Every structure is written in structure tokens, then in C-alpha cells.
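> whatever this is, show me its structure:
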Amino acid sequence: MAFQKVMISGINTADLTVLKEEEKTALLREIRDTGSKAAKDKLIQGNLRLVLSVIQRFTGRGEDIDDLFQIGVVGLIKAINNFDLSKEVRFSTYCVPMISGELRRYLRDFNQIKVSRSLRDLAYQAMQAKERLTTNLQKEPTVSEIAAEIGAKREDVVVALESVSEPVSIYEPVYSESGDALYVLDQISERDTMENWLGELSLRNAIRQLGTREQNILYLRFFQGKTQTEVAKEIGISQAQVSRLEKNAILQVRDAANLHHHS
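Numbers count the residues shown, from 1 in each chain. Alright, predicted model coming up:
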């Protein structure tokens, strides 16, 4: 075996015993009936080679083998605690997915922590750059200007800033002084951001299913940033009609996107 005389977590892996399946079953029974700690320790010791064989699949990603081994043992202990003796399944067969699942969960969380930390750092850099640029330019900079300032990709800056902000629905109304309902969607003025959102939320197809007039209203409102009053003048209907058509169009798009998202 590849692990001859490897020291992991202070254990010489060459000394590990391997229990026969009937020995494992007898120890599981003893643990169930008496709660014996000695039996549990013996069962853990007798399955450490199994843990080692499972972590082989998870090595080579830069993680510490000692950490992986410890996490694998957690999976093994969970398997011991949850194993049902009345089922016609070998303990080893049950152990492998339990150990793998624990390792997958750990690696996923571990990587998320790394990702979220770097995103958070990027977000703070972007915020500092935004303040600097606002002072220098005497106006709010675009996301592209912020990205150029800190030498990052524009889409990375968008994702980073979103990761530290509270999630807000893009259909959240914020009311303007003229009485027009402004939606958060109105605030997203840069077209490619909007395109990304549409792609992400599978909205394109939903928008294509709308009538031409509704499509036109959404285009004028959200891509060109016009108010409902301006749209009403442009297409020759009342502001109330624009408001109603827009609201229905948004609901249709949102329902279609939700349907797509859940299917």
C-alpha cells in the first residue's frame, strides 16, 4: 500500500490494523448495547486504513493531508453513530460515502471561505477607489473606472461589491419625487451589467415572450433610464398606462424566470 510508514496525525499508518467485517459488526453491537468507549476506539482504529484510502481521492489540491485525515475520521465517527445494524449492508460500504461526504463538505466550505475572503478584500479596495475617484472626478465613477483604478476586471468588481451588500430585489420600488415608481432596476444603468443580470436570471426568453409595447417600455425604462412620464410622452399613452403595463410586464418576466429557476 502507498501509505507504508507514513506518519499522519501522530499515527504510524504501517501499524494500522484492519478488522474483518464480522469483527466490525460485533463491535458495533457492543457499542449499541453497552455504549463501550473501548469498542468504539477499537472500531475507529480498525477503520483508519479505510479513511486513508478514501482521502487518496481528495489529495493533490494543496490541502494539508493531516487536515483531510482528521475530517475523514469525523466522517467515520458519524458513520459509526448512524449505522443501522438491521440493514443488509456492510459497514465498510456505508462508511465510504459518509467519509467522502464529510471531506466534500469541508473542501467546499474551505474554498468558499478563501473565495469570500478575497472577494471581500476586492470589495473594500473598490470602495476606497470609488471614494478617491469621486473626489478627483467630482462625480460618481463608473464600475469600469473603479476597475481600471485598481487593476481588476470589471465583472469581478461587480461580483465583489454585490457579495458585501445586502441582497435587494431588483424590483424593489424606490419612489421619486415626481411620484413615478423607480425600481432598483433603474439604478443599474450600465448596459452590460444589465445583460449579465438578464443572462443570470434567464430573463431574456421571458422578455421575448412579452408584447412589443411591453418590451419597448422595459427597454426605454431600464436600458435608457427614462421615467414613466418620459416613456408615456414617447409612445403616446398616459403615465398610468405605462405604470400598469410595466408592472404587468415585470410580473410576467419574474414569474417566467422563477418558473425556469425552479424547473
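
> could you double-check that residue 73 lies in contact with residue 45?
No: the pair residue 73 / residue 45 is not scored as a contact, 10.4 Å apart, by C-beta atoms under 8 Å. Just so you know, the C-beta spots here come from the backbone N, C-alpha and C atoms, and that holds for glycine as well.

> the more surrounded of those two?
The neighbour comparison of residue 73 against residue 45 (other C-beta atoms under 10 Å) goes to residue 73, with 18 against 15.

> give me the secondary structure label for that one.
helix (DSSP: H, G, I helix; E, B strand; the rest coil).

> measure it to residue 20 for me?
According to C-beta to C-beta, to the nearest Å, residue 73 and residue 20 sit 21 Å apart.

> next one: residue 72
For residue 72, the distance to residue 20 - C-beta to C-beta - is 21 Å.

> same question, residue 74
For residue 74, the distance to residue 20 - C-beta to C-beta - is 24 Å.

> between the two ends of stretch 57-67, how far is it?
14 Å (C-alpha to C-alpha, to the nearest Å).

> what comes up buried for that stretch?
58, 63, 65 (16 or more other C-beta atoms under 10 Å).

> compare residue 72 and residue 20 (neighbour count), which wins?
A side-by-side neighbour count of residue 72 and residue 20, using other C-beta under 10 Å, places residue 72 first with 27 against 9.

> what sits closest to the more buried one if chain neighbours are left out?
residue 51 (4.0 Å; C-beta to C-beta, 6 or more residues apart in numbering).

> ok, the one you found touching residue 74?
No: using C-beta under 8 Å, residue 51 is not in contact with residue 74, being 9.7 Å away.

> quick one, which of these two is more surrounded?
residue 51 (25 against 16).

> how far away is the more buried one from residue 223?
Distance, residue 51 to residue 223, using C-beta to C-beta: 56 Å.

> also residue 161?
Taken as C-beta to C-beta, the span from residue 161 to residue 223 is 21 Å.

> compare those two (neighbour count), which wins?
Using other C-beta under 10 Å as the criterion, residue 161 and residue 223 rank with residue 161 on top: 18 against 13.

> just the element for that one, please.
helix 154-164 (DSSP states H and E).

> how far away from the center of its chain is that helix?
14 Å (C-alpha atoms, centre = their mean, to the nearest Å).

> for the chain, which segments count as strands?
Secondary structure of the chain (DSSP state E): strands located at 7-8, 11-12, 173-175, 181-183.

> tell me which other helices or strands the helix holding residue 161 touches.
Under the contact criterion of 3 or more C-beta pairs under 8 Å, 6 or more residues apart in numbering; DSSP states H and E, helix 154-164 touches helix 91-137, helix 143-150, helix 191-200.
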